[in-house]
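1. Predicted structure and sequence below. I'll ask about it afterward.
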Amino acid sequence: MSFRENLQTKIRLDNLAAKISQSIGTQAGAHKLDKEAVTELLMLSPYAHEKRRDLELYYRPLETDIAEVLVLDNELPLYTNTTLEDVTLRRSPELKEMISIRNVIKILNDSDILLCKGQQTVQHVHDRAVERLDLRYEKADIDGLVDEAKDAFLSGDVDAVFQVLQLFIEILGYEFVPAEFSVNNCAIFGPCERAQGSAPVFRYVILYNEKSNELKWVNHRLETGNPTAQELIYDVAEGIIPPDVESVQVLHFLADEALTKKVPTLH
């Protein structure tokens, strides 16, 4: 796949992992796990599917005859250094298998092979899927994104502009600003710094108004909880104060920032 396709897959993996993590838990004693999203995540991962008895299993070979095995149920247990046969015995034993004391011990206690459960399993599978992606890029890849965004910007295709901006957000590890900075119709994002005991600070922010197709860069440190910073963002967004850079020149700024890195900032 191309760099862009790999990056889009990375974003898809992130979104799936977040969606699954939000669904994990209990409500009135009933689990809410989004198994459809888990299955989609697994399809993008190195885990292969196999059905054993009443179990939906996904496995990733580690060495000869041993593997990681995930059981698709509400707890999402992930076992390691084991086999499909062993997990099948423990999770769905037949009566004849329970005659053996050794088997009964295995059935009653899986701690010897259990790697993780729940959200930790989701993160583990996500990370194994991301490892397969080649996220390195060259200048030509970044130039291609800029050219695409320019054409979309000049033609007023705001959806296409925002799609490219999302790719730069992923490459640069940018974050969207908190709700306190929100301005109608504006997506606002930038590099966020978090020091222990201090409020998060954005070193600068990019504003894109999807209604008016305006792209602006504000080269000003913004500390969350600071009313002066809120007022500045509002005034720039509304055109009361001019931005430091605007229009397609912001795309060139993003490209320059991307070319100081070799791969996207993983987060």
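-> It's in. Numbering: from 1, shown residues only.
2. Please identify which helix or strand holds Leu41.
-> In this assignment (DSSP states H and E), Leu41 forms part of helix 35-43.
3. I figured Val122 was touching Lys19, is that so?
-> No. Taking contacts as Cβ atoms under 8 Å, Val122 lies outside contact range of Lys19: 9.6 Å. From N, CA and C alone the C-beta is placed, and that goes for glycine too.
4. Which of those two has more residues huddled nearby?
-> Neighbour count, other Cβ atoms under 10 Å: between Val122 and Lys19, Val122 has more, with 25 against 16.
5. looking at this, the more buried one is in a helix?
-> Yes. Assigned with DSSP: H, G, I helix; E, B strand; the rest coil, Val122 falls within a helix.
6. what sits against the residue nearest to Asp110 when sequence neighbours are not counted?
-> Excluding the flanking residues, the one nearest Asp110 by Cβ to Cβ, 6 or more residues apart in numbering is Arg90, at 5.5 Å. The neighbours of Arg90, taking Cβ atoms under 8 Å, 6 or more residues apart in numbering as the test, are Lys106, Ile107, Asp110, Ile113.
7. In helices, which of those residues fall?
-> Using DSSP state H, the subset of the contacts of Arg90 located in helices is Lys106, Ile107.
8. Need the residues that contact stretch 236-254.
-> Residues outside stretch 236-254 that contact it (Cβ under 8 Å, 6+ apart) are 146, 149-150, 153-154, 165, 168, 172, 183, 186, 188, 206-207, 209, 214-220, 232, 234-235.
9. which residue ranges form the strands in the stretch 151-267 of the chain?
-> Taking DSSP state E, counting those that start in this stretch, the strands of the stretch 151-267 of the chain run over residues 175-176, 186-190, 192-193, 201-202, 205-209, 214-218, 222-223, 245-246.
10. Highest mean neighbour count out of those?
-> The highest mean neighbour count among the strands of the stretch 151-267 of the chain, using mean count of other Cβ atoms under 10 Å, belongs to strand 205-209: a mean of 23.
11. Each with direction, which strands does that strand pair with?
-> strand 186-190 (antiparallel), strand 214-218 (antiparallel) (DSSP bridges).
12. show me the contacts for the nearest residue to Arg12 once chain neighbours are set aside.
-> Distance criterion Cβ to Cβ, 6+ apart; nearest residue to Arg12, sequence neighbours excluded, is Leu44 at 7.1 Å. Residues in contact with Leu44 (Cβ under 8 Å, 6+ apart) are Thr9, Arg12, Leu13, Leu16, Ala129.
13. how far away is the last one from Ala187?
-> Going from Ala129 to Ala187 by Cβ to Cβ, to the nearest Å gives 27 Å.
14. Check the fourth one too.
-> For Leu16, the distance to Ala187 under the criterion Cβ to Cβ works out to 22 Å.
15. Could you pull out the helices in the chain for me?
-> Applying DSSP H to the chain gives helices spanning 3-23, 35-43, 84-91, 101-108, 118-131, 139-155, 158-172, 227-237, 248-258.
16. Many thanks, I have nothing further to ask.
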